[in-house]
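S.K.: pasting the sequence and the predicted coordinates here, then a few questions.
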Amino acid sequence: MSTPTPAPGWYPDPEQHGVQRYWDGSAWTQSTQPIPGAIPTPPPAPAVPSYAPAAPVYAGPAYGSAPQVGFVEAIKLGFKKYATFEGRATRAEYWWWYLFTTLLIGPIYVLALIVVAATASTTSSLDSGSSTTTTSGAGSGAALLLFGLVVLVGLVIIIPSISVMVRRLHDTGKSGWWYWISLIPFGGLVLLIFMLMESTPGPNSFGPPSRGAADLS
């Protein structure tokens, strides 16, 4: 028994879901249309890898970390910012400058004290008036010269020394007016603690962190 041929009309497309195709009674035509009320098949989801790529790791310095400077850079920054009381100075910048001033004035001052002590000893041991006058006069002149040199060097570096201390206070988030606390008893100890404090991370009310040696360019 042969299968009866379907009558012409619209039938579900055997190749596409949710679509109907017109059958002319003997063959499928090219005429198609959606099946009313049919839910179209969603497109296949893109393939998802079984693993997610690792996020890039930031290998740079921590935010707000202060660039360090060396001994020579700190001296150059001290003289370049001779009377700059704005901005910030790192802990390394301040202490390298402090070491420089100590090495600059300390030996001259100690030598002056030695000359004064030697002059006093010579004066007390000599009996001759003329010899005493000549020796002690030369020693006193040398001592005065050395003390004068200490004063001269001190006048040259006192302004940059104060300015770098003010910038160091700014670096810890404190006003430069804290410098005057050194005039009261034990105020110098408070300033020492401030100078030993770490830098404030990132910008603060006194500006961005010091750029260190980059400020020399």
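M.R.: Thanks, I have it.

S.K.: where in the chain is pLDDT low?
M.R.: Scanning the chain for pLDDT under 70 picks out the ranges 1-3, 37-67, 121-139.

S.K.: which residue ranges of it form helices?
M.R.: 71-80, 91-125, 129-171, 187-196 (DSSP state H).

S.K.: quick one: closest of the ones you listed to Arg21.
M.R.: helix 129-171 (80.4 Å; C-beta to C-beta). Heads up, the C-betas are built off the backbone N, CA and C, glycines and all.

S.K.: return the distance of that closest one from the chain's centre.
M.R.: Computed by C-alpha atoms, centre = their mean, to the nearest Å, the chain-centroid distance of helix 129-171 equals 36 Å.

S.K.: kindly report the same for stretch 183-197.
M.R.: Relative to its parent chain, stretch 183-197 has a centroid offset of 24 Å by C-alpha atoms, centre = their mean.

S.K.: pull the residues that contact it.
M.R.: With C-beta atoms under 8 Å, 6 or more residues apart in numbering as the test, stretch 183-197 has contacts from 91, 94-95, 165, 168-169, 172, 174, 178-179, 181-182.

S.K.: quick revisit: turn the helices of the chain into CSV, columns for distance to Pro34.
M.R.: Converted to CSV, the helices of the chain look like this (distance: least, C-beta to C-beta, whole Å):
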stretch, distance to Pro34
helix 71-80, 77
helix 91-125, 75
helix 129-171, 72
helix 187-196, 79
